[in-house]
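S.K.: requesting a structural model of the entry that follows:
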Amino acid sequence: MFKRFRSMPATAMAAVLGCAMMISAAPAGAKEKKEKDKKEETKGGGISVSKGFMPAAKKMEDAFKAKDAAALQAALAEAQPTATTPDDKYLAGFYQLQLGILNKDTALQGQGLDTMLETGLTPAESAAAYNFFSGNFAYGAKNYAKAVQRLEAAKTAGSTDAQLPILLMDSYLQQGQVDQGIAVAKAAIEASRAAGQRPSDELYVRPIKALQTANRSNEMLDLMTLRMRDYNQPQVWRQTLFILLQQTGENKEIALDTLRLMRATKSMLQRPEYSEYASLATEAALPGEVVALIKEGKASKVIPTPDPNFDGIAKTQGERAGDEESTLTAYAQKASTQSNPKVAGATGDAMVSYGRYADAVPLYKAAVAAGGDKELWTYRTGVAQALAGDAAGAKASLAQVTGPRKRLAELWVVKIDGGAAAPAPAAAATPTTGS
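M.R.: Residues are numbered from 1 along each chain as shown. Model (predicted):
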């Protein structure tokens, strides 16, 4: 389940906001003459409070310097009714923020920031930070409309806080504004990658869940494919390929191709995947592939030893394979094999099932040349090339796939490119696949 982001701790808030605001908001107690007020204003950091507000301002200043929260609260209660000018209100807001920091009261901190921002007196150099933290507090209070307003203002003001795009994205998504949320996420993803950094997984996971909820499957898979570039782990591959597997319907050949990619990415993590794969490969008359598959399942401990069901399948398929592999080379070279698209392609599949990937490539190409299913055999050519280590050839072949295997072709390219080496995402950050 998705976890919400937490507001910044009060100690960090004090470091970022407290010091910055003490610099920008000069104490009001020293401002007693208009002439001196004007001089302070020309320095760029001063404010001019009204005469009636000065006594309260002095009390707030003294209490704050003493770090006396009770005294500051009393002074603030006295000051707020007498704050009549924007400058008065700005200073009252500043001390309200400081009281919130002292008391670790985020609601009070947010109120203080809002008061300051609403006066229009926030220094340009502080606008990014003030708006960001106001938006952060609004997000924590589930006031997503306000969070969007403040966070967008922070972004416009130049905020570079790493949490900003995550909070802004989710604030849009929480309001059902999926397109806006995804636009923020994609921009942040590409900005991180351009800077040589790995994007936060939340920039992928939350939009993926929103698209899943909205039944926008193709867009969801687009984003899941992009995610593989940065989170190239078996669990993530399985999530993506499981959804593709659900979409194959009755097309057994595409289902088998999907399971083969799952196997190649070591993302066959549960027994049902092995069961379906073994069944499809058996039906496709690929006994060598079935035997190798079960052997891998046992090595990964997904299939226990012993296992009566899979042990029986392995025995039967091993007997069925016999000496098939030893006869493949001669059979593949026959003109009758290469001129018949179905026979050439099936022989290429047999080569792949025994790990003879490079030998399968000319057979798949012969199947295409003989008028066979171009999408099918071009795709499998690319896969065989990838498994044989011919990355450039594989990409060239996979780029030609435009039919129902296009998504699988794109994912094979992601696998070829390798993606990022990184720890697996936390369970809380994974999208629901129904598995």
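S.K.: tell me where the stretch 51-200 of the chain has helices.
M.R.: 54-65, 69-79, 86-103, 106-119, 124-140, 144-156, 164-174, 178-194 (DSSP state H, counting those that start in this stretch).
S.K.: make JSON lines from those and add distance to residue 414 to it.
M.R.: In this view, the C-beta of every residue, glycine as well, is placed from N, C-alpha and C. Below are these laid out as JSON lines (distance: least, CB to CB, whole Å):
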{"stretch": "helix 54-65", "distance to residue 414": "55"}
{"stretch": "helix 69-79", "distance to residue 414": "54"}
{"stretch": "helix 86-103", "distance to residue 414": "46"}
{"stretch": "helix 106-119", "distance to residue 414": "41"}
{"stretch": "helix 124-140", "distance to residue 414": "32"}
{"stretch": "helix 144-156", "distance to residue 414": "30"}
{"stretch": "helix 164-174", "distance to residue 414": "23"}
{"stretch": "helix 178-194", "distance to residue 414": "14"}
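S.K.: residue 216: which of the ones you listed is closest?
M.R.: Among those, the nearest to residue 216 by CB to CB is helix 178-194 (7.8 Å).
S.K.: dump that closest one to PDB, restricted to CA.
M.R.: Extracted as PDB, the C-alpha positions of helix 178-194 are listed here (Å, rounded to 0.1, in the frame of the first residue of the first chain):
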ATOM      1  CA  VAL A 178      -4.100  12.300 -13.300                       C
ATOM      2  CA  ASP A 179      -2.700  14.000 -16.400                       C
ATOM      3  CA  GLN A 180      -1.300  16.900 -14.400                       C
ATOM      4  CA  GLY A 181       0.300  14.500 -11.800                       C
ATOM      5  CA  ILE A 182       1.800  12.400 -14.500                       C
ATOM      6  CA  ALA A 183       3.200  15.400 -16.300                       C
ATOM      7  CA  VAL A 184       4.900  16.500 -13.100                       C
ATOM      8  CA  ALA A 185       6.300  13.000 -12.600                       C
ATOM      9  CA  LYS A 186       7.700  12.600 -16.100                       C
ATOM     10  CA  ALA A 187       9.300  16.000 -16.100                       C
ATOM     11  CA  ALA A 188      11.000  15.200 -12.700                       C
ATOM     12  CA  ILE A 189      12.100  11.800 -13.900                       C
ATOM     13  CA  GLU A 190      13.800  13.100 -17.000                       C
ATOM     14  CA  ALA A 191      15.300  16.000 -15.000                       C
ATOM     15  CA  SER A 192      16.800  13.500 -12.600                       C
ATOM     16  CA  ARG A 193      18.200  11.300 -15.300                       C
ATOM     17  CA  ALA A 194      19.600  14.300 -17.200                       C
END
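S.K.: so that helix versus helix 164-174, what angle?
M.R.: Here the directions of helix 178-194 and helix 164-174 differ by 160 degrees (axes from the mean of the first three to the mean of the last three CA atoms, to 10 degrees).
S.K.: domain parsing for the protein?
M.R.: 1-122, 337-418 (automatic domain parsing).
S.K.: weakest of these by average pLDDT?
M.R.: Set side by side, the domains of the chain differ in mean pLDDT, and domain 1-122 is lowest with a mean of 73.
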